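Asks: no FASTA, just this:
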Ligand code: MLT
């Protein structure tokens, strides 16, 4: 891992392997380590770049709101710092998917493919946005524990919770370790994010849309409608998984993304 400049800020980033650059963008309120199984597997064939978004992991924390657009700008600036000038495949999970859509909107020419995992194209409803803003206050007042308690049961499929309590414990640790100001800034950003549903038809890149069979946050039906709206999208349901597909079923996830990356690389 190293710290690298991203415009005015510094992000922590891991870059491993050589070949077609693939940028993995983590979900909320986690960090690059949610992609450990993908980094290990995919870096045997490609350059895998896994940053911590602003406010998370070892990256710089800024207060106030950090929008999805600002996070996408950070990633474009980071790619410049890393000297990546060939088009990248961008893969984002959940909040990482919101950032990926913003990156596509502003920097489509820098993309070779798009992978949207367990995410949403719709903006928050007014009720959801208001709920997030209440959580901002709570996190700044009390820390991340109430957020961890509220989020964790929704992240995993029931079978994962039963069979892999270690994953639950590990993610709980990560949520508790996240900086409350970084968490609050991203919550504000997600509450004000753009609605991309009418823009999906303009995505002409090869795309892969992945969802866990039991995802209760971004459901199979919602993800299927995203895949249908994008002309060149493949749709894959990862069996036995909830919202955290790369962690819950790493082999199934890796197989799907490896097939997609192989096709993108061949241009077929
Ligand atoms: C995530 O996993 O990144 C979150 O569920 C995104 C959200 O809260 O909308």
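Replies: Great, that's in hand. All figures in this text were calculated on a predicted structure; none of them were measured in a lab.
Asks: got the phi and psi for residue 211?
Replies: Dihedral angles of residue 211 (phi, psi; degrees, to the nearest 10) stand at phi -140, psi 150.
Asks: count of neighbours near the closest residue to it other than its chain neighbours?
Replies: Distance criterion Cβ to Cβ, 6 or more residues apart in numbering; nearest residue to residue 211, sequence neighbours excluded, is residue 223 at 3.8 Å. (Each C-beta comes from the backbone N, C-alpha and C, glycine too.) Other residues within reach of residue 223, judged by other Cβ atoms under 10 Å, total 25.
Asks: contacting residues around residue 223?
Replies: 116, 118, 119, 209, 210, 211, 215, 235 (Cβ atoms under 8 Å, 6 or more residues apart in numbering).
Asks: does whichever helix or strand it is part of come close to the ligand?
Replies: Here residue 223 is covered by helix 220-229, with elements defined by DSSP states H and E. No. Remark: helix 220-229 sits outside contact range of the ligand, by Cβ under 6 Å from any ligand atom, the gap being at least 11.9 Å.
Asks: separation between residue 82 and residue 188?
Replies: Remark: distance between residue 82 and residue 188 (Cβ to Cβ, to the nearest Å) = 28 Å.
Asks: so who does the nearest residue to residue 46 once chain neighbours are set aside touch?
Replies: In this structure, residue 46 finds its nearest non-sequential neighbour in residue 19, 4.4 Å apart by Cβ to Cβ, 6+ apart. The neighbours of residue 19, taking Cβ under 8 Å, 6+ apart as the test, are 45, 46, 47, 265.
Asks: among these, which are in helices?
Replies: For the contacts of residue 19, membership in helices holds for residue 265, with DSSP state H as the criterion.
Asks: now, which of the contacts of residue 19 lie close to the ligand?
Replies: Among these, the ligand is touched by none when using Cβ under 6 Å from any ligand atom.
Asks: for the contacts of residue 19, which one is nearest residue 13?
Replies: Each of the contacts of residue 19 was checked against residue 13 using Cβ to Cβ; the closest is residue 47, at 11.8 Å.
Asks: so residue 209 makes contact with residue 234?
Replies: Yes. The pair residue 209 and residue 234 passes the contact test of Cβ atoms under 8 Å, sitting 7.0 Å apart.
Asks: so which of the two has more stuff around it?
Replies: Set side by side, residue 209 and residue 234 show more neighbours around residue 209, with 25 against 16, by other Cβ under 10 Å.
Asks: all the strands of this protein, residue numbers only.
Replies: Counting by DSSP state E, the chain has strands at residues 2-6, 9-16, 21-25, 47-51, 88-93, 111-117, 207-212, 233-238.
Asks: mean confidence for the last one?
Replies: Going back to what we said before, that points to strand 233-238. The average pLDDT within strand 233-238 is 98.
Asks: list the buried residues in that strand.
Replies: For strand 233-238, a neighbour-count test (16 or more other Cβ atoms under 10 Å) marks 233, 234, 235, 236, 237, 238 as buried.
Asks: coming back round to it: turn the strands of the chain into a markdown table, including distance to residue 133.
Replies: Putting those into a markdown table (distance: least, Cβ to Cβ, whole Å) gives the following:
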| stretch | distance to residue 133 |
| --- | --- |
| strand 2-6 | 26 |
| strand 9-16 | 24 |
| strand 21-25 | 24 |
| strand 47-51 | 26 |
| strand 88-93 | 23 |
| strand 111-117 | 26 |
| strand 207-212 | 27 |
| strand 233-238 | 32 |
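Asks: ok, which of those strands comes nearest residue 36?
Replies: Ranking these by their distance to residue 36 (criterion: Cβ to Cβ) puts strand 47-51 first, at 8.8 Å.
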